[in-house]
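[1] output the structure for:
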Amino acid sequence: MILVIDLCYRGDSLSRDEFVGPVVRHLRGAGSSPAVRHYTAIGTHDFEVADGVILCGTALKDRGFMENPGRFRWFHAFERPVLGISSGMLALAAAFGGDIEPCSGIGMTDLRVIAPDPLFAGRETFAAYELHDFAVRVLDGFIPLAVSDRCVQAIRHRSLPLYGVLFHPEVRNEWIIERFAGLVESAGASIPGDP
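    Here you go, the predicted structure:
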């Protein structure tokens with residue numbers, strides 16, 4: 001099961017349909033069974049049963065999740081795949097003590113893959129939809145995977161299966177969500193003791 005985390009300012013916000021709904025639809029289309037939880041309502045059991053996690057994006061001015069970066073300390077101990085999308089990438093950075101910097105982007109942008117990774121295998125460039133006011137400075141322990149002309153657009157932790165993408169793959173690049181679901185499935189198959 002992939003745990004999909006809603007980072008919107010409240011669990012029943014209209015933004016949920018825009019930022020969480022498409023991710024859930026793409027996961028179901030890829031054969032996954034996602035469970036959705038608001039970031040303020042996640043319990044230990046949710047992480048115990050999750051094979052992977054996706055943190056969804058939010059509206060531009062919705063940054064309430066950043067007020068308490070301690071809520072995301074679980075990244076350090078969660079050894080299964082995680083994908084932070086847009087605001088989810090900011091939460092990932094905050095949990096590892098990273099900095100964000102102003103960088104506005106709305107609309108389509110061209111990305112260049114700069115490091116090999118299964119998430120982007122076979123792609124050297126692609127167009128992606130972005131909606132953000134901030135970007136992440138590359139953190140110690142992370143590798144930049146893709147860039148635009150203005151900022152780093154994708155990162156991966158050097159030793160943990162943690163990914164962050166600044167763009168919104170649920171809009172035009174659903175293949176990334178499908179590949180992430182495949183990484184989760186592969187990782188789950190190799191975890192000893194799982195049924």
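
[2] wait, residue 65 touches residue 84, no?
    No - taking Cβ atoms under 8 Å as the definition, residue 65 is not a contact partner of residue 84, at 10.8 Å. All C-beta spots, glycine's among them, are computed from the backbone N, C-alpha and C.

[3] more neighbours: these two, which one.
    Shown here are residue 65 and residue 84; by other Cβ atoms under 10 Å, residue 84 has more neighbours (28 against 24).

[4] I'd like to know how far that one sits from residue 72.
    Here the criterion is Cβ to Cβ, to the nearest Å. By it, residue 84 lies 9 Å from residue 72.

[5] which neighbours do these two share?
    Counting by Cβ atoms under 8 Å, 6 or more residues apart in numbering, the common neighbours of residue 84 and residue 72 are 91-92.

[6] and for residue 65 and residue 84, which residues touch both?
    Shared contacts of residue 65 and residue 84 (Cβ under 8 Å, 6+ apart): residue 91.

[7] rounded mean pLDDT for stretch 122-137, please.
    Mean pLDDT, stretch 122-137: 93.

[8] before we move on, what about stretch 155-173?
    95.

[9] buried stuff in it?
    Within stretch 155-173, the residues that count as buried by 16 or more other Cβ atoms under 10 Å are 155-157, 160-171, 173.

[10] what's the farthest-apart pair in the residues you listed?
    Using Cβ to Cβ, the buried residues of stretch 155-173 span at most 26.5 Å, a distance reached by 160 and 171.

[11] helices of the protein, residue ranges please.
    15-19, 21-29, 44-49, 87-95, 169-172, 174-189 (DSSP state H).
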